[in-house]
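A.B. asks: this is a predicted model, with the sequence first.
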Amino acid sequence: MESKLDNKSPLVSIITVNYKQLSLTLQFLQSIHAITYPNYEIIVVDNDSKEDLSGIPSLYPSTKLIQSNSNLGFAGGNNLGIRHAEGDYMMFLNNDTIVDKTFLEPLIACFLENPRTGLVSPMIRNYDNKNTIQFAGYTDLSSFSLRNSVIGFGEEDSGQYEERTLIAFAHGAAMMTSRDVLKNCGLMSELFFLYYEEIDLGKRIRNQGYDIFFEPKSVVYHIGSVSTGLNSALKTYYLARNRIIYLKRHFTGWKYFAGLCYQILIALPKNLLTFLFRLEIKRAKSYINALLWNIRNPDRSELYKNPEL
């Protein structure tokens, strides 16, 4: 299959990261190559998964395969893809997604119709139950608990979210930005490795005066939590660790103090008691290690730095 190019449409670089999920990546690529948008390239970043992906460019000639010598995580893997991208727009997609064939056109329209668009995410539905919503937007983070809510999660899609709307954050499994936005705001902070990196990027983009949209005319189907597991110790570690990193990067004064007190005095005992009650010892240890990391690294030099394009 030849690369799909059309000079009338802006070039979109579709970036996905593979880590020990070759079968999912191939399914993802098959889905992408059925889309109707005429001008795109695909970039697959392999995060040192030790799998043989060498046949991908011959199966899908519009695909660039980038091999990393180490596992760079979600942020680092996507940043590596960005640096090899030629597009005016960057579409970040998890490799455990399947896209509707017309999913790109509404996302591009959002940028063309709204010059201050910084990020846009599609409607994300459940892969196994395709009319069940996973994502129709995020609310803003509480400055106290550093948690937010997913709009529409678990609801049957009956058209209740049919209008493009402003949201607080995009969804890391499926989100688009532009090259100009990344030049102005920087790439994803690689300190996060996994989780909170897209929230951090969204916060920085909003701080620069851009808008973040949910676009329901674009639809993507998502499996979710394939790399780390739904309730894995790895996921527990990075969520707990990165929540405090995000707090350090974006809050000062009484908000920072209140958020830190919440994590230590409320979240810590609550989560440890829950893990121990369920006999999830590995998750309890991971949670403690996440807090210890922040104690041992109170002000790392890269804490406030963002990679540049």
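C.D. replies: Done, it's in. From a predicted model like this one, the values you see are computed outputs, not experimental measurements.

A.B. asks: show the contacting residues for the residue nearest to residue 72 when sequence neighbours are not counted.
C.D. replies: Using CB to CB, 6 or more residues apart in numbering and skipping residues adjacent in sequence, the residue nearest residue 72 is residue 47, 5.8 Å away. For the C-beta atoms, the positions are set from N, CA and C on the backbone; glycine is no exception. For residue 47, the contact set (CB atoms under 8 Å, 6 or more residues apart in numbering) comprises 17-19, 68, 70-73, 76-77.

A.B. asks: do residue 126 as well
C.D. replies: Going by CB under 8 Å, 6+ apart, residue 126 touches 132-134, 221-222.

A.B. asks: any chance of the backbone angles for it?
C.D. replies: The phi and psi values for residue 126, taken as degrees, to the nearest 10, are phi -70, psi 140.

A.B. asks: report pLDDT for the residue nearest to residue 72.
C.D. replies: Listed pLDDT for residue 47 reads 94.

A.B. asks: likewise for residue 6?
C.D. replies: For residue 6, pLDDT reads 49.

A.B. asks: do residue 198 as well
C.D. replies: 95.

A.B. asks: my guess is it meets residue 188, correct?
C.D. replies: Yes: judged on CB atoms under 8 Å, residue 198 makes contact with residue 188 at a distance of 7.2 Å.

A.B. asks: hang on, the earlier thing: so how do I select the buried members of the contacts of residue 47 in PyMOL?
C.D. replies: One line in PyMOL is enough to select the buried ones among these; burial here means 16 or more other CB atoms under 10 Å:
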select buried, resi 17+18+19+68+71+72+73+76+77
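
A.B. asks: drop anything exposed from the contacts of residue 126.
C.D. replies: By 16+ other CB under 10 Å, these give 133-134, 221-222 as buried.

A.B. asks: which one of these is nearest residue 26?
C.D. replies: Of all those, residue 221 has the smallest distance to residue 26: 16.0 Å, by CB to CB.

A.B. asks: show me what contacts the closest one?
C.D. replies: So residue 221 contacts 97-100, 124-127, 130 (CB under 8 Å, 6+ apart).

A.B. asks: and which of the residues you listed is nearest residue 215?
C.D. replies: Distances from residue 215 to these, taken by CB to CB, are shortest for residue 124, at 11.0 Å.
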